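A.B. asks: next comes the sequence, and after it the predicted model I'd like to discuss.
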Amino acid sequence: MKMNGNEIRQGNIIKHQDTLWVAVKCNAVKPGKGGAFNQVELKNILDGRKLNERFRAAETVERVRLEQKTHTYLYPEGDMLVFMNSENYEQINLQSEFVGDAAAYLTDGMAVEVEFYEERPISIALPDQVVLEVADTEPVVKGQTAANSFKPATLSNGVRTAVPPFVGVGERLIINTEDGSYVKRAD
């Protein structure tokens, strides 16, 4: 789908210089002299490079729509992670590096969204929060009741995070998968 350069908005995915880019920041500029343009900061979806580009209203770019498919995480296999399409049960293998640090939060049967461009996986999105058990933490220190005090804890998946002083070993917590931070106790 073609669109004018001044219509690019934050979050749009475009094909530019024969590769895929996501618009990170957009700034419409109307100088006193000359024509208006859209100053766009782009991030390459495939390799993470950044690029600042000016798009005039007369220029056209191709807007790309990624296909999202729900997959279920099955198991690790060496340095690969195996996922199954929830609709047609086809399995795909993704490199652990592709998933990145978020791989630590994957659990058997977890539903994830995989984005594809021309049948090639581009990105993966885990649920915003997961429930994990505290494997190790320091004991509660009496009198340590300051509102913003936290102590280190190791979760059942091996990730270290900071938790409030009242949290003990064996408790189930809700953890944010984006940054590994403590949200609250699980019910």
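C.D. replies: Yes, it's here. Residues are numbered from 1 along each chain as shown.

A.B. asks: what comes up buried for the helix or strand hosting residue 153?
C.D. replies: Using DSSP states H and E, residue 153 falls within strand 151-155. Neighbour-count burial for strand 151-155, with 16 or more other C-beta atoms under 10 Å as criterion, is recorded at 151, 153, 155. Just so you know, the C-beta spots here come from the backbone N, C-alpha and C atoms, and that holds for glycine as well.

A.B. asks: parallel or antiparallel, list what pairs with it.
C.D. replies: Strand 151-155 has these partner strands in its sheet, going by DSSP bridges: strand 129-137 (antiparallel), strand 160-163 (antiparallel).

A.B. asks: quick check: mean pLDDT of it?
C.D. replies: Across strand 151-155, pLDDT averages out at 87.

A.B. asks: now do the contacts for the residue nearest to the spatial centre of the chain.
C.D. replies: Geometric centre of the chain, nearest residue: residue 125, 5.3 Å, by C-alpha atoms, centre = their mean. By C-beta atoms under 8 Å, 6 or more residues apart in numbering, the residues touching residue 125 are 112, 113, 114, 115.

A.B. asks: just the buried ones out of these, please.
C.D. replies: Buried subset of the contacts of residue 125 (neighbour count, 16+ other C-beta under 10 Å): 112, 114, 115.

A.B. asks: list the contacts for the first one?
C.D. replies: So that's residue 112. 70, 71, 72, 73, 83, 106, 124, 125, 126, 127.

A.B. asks: work out the gap between stretch 165-184 and the centre of the chain.
C.D. replies: 19 Å (C-alpha atoms, centre = their mean, to the nearest Å).

A.B. asks: what sits up against it?
C.D. replies: Contacts of stretch 165-184 (C-beta under 8 Å, 6+ apart): 102, 105, 126-137, 139-141, 144-145, 149-151, 153, 155, 159, 161-164, 185-186.

A.B. asks: buried subset of the residues you listed as a PyMOL selection?
C.D. replies: Only the buried entries of these go into this PyMOL selection, using 16+ other C-beta under 10 Å:
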select buried, resi 105+126+129+130+132+134+137+151+153+155+161+163+164
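
A.B. asks: look at residue 173 and say how many residues are nearby.
C.D. replies: 22 (other C-beta atoms under 10 Å).

A.B. asks: which stretch of helix or strand covers it?
C.D. replies: Here residue 173 is assigned to strand 172-176, by DSSP H and E.
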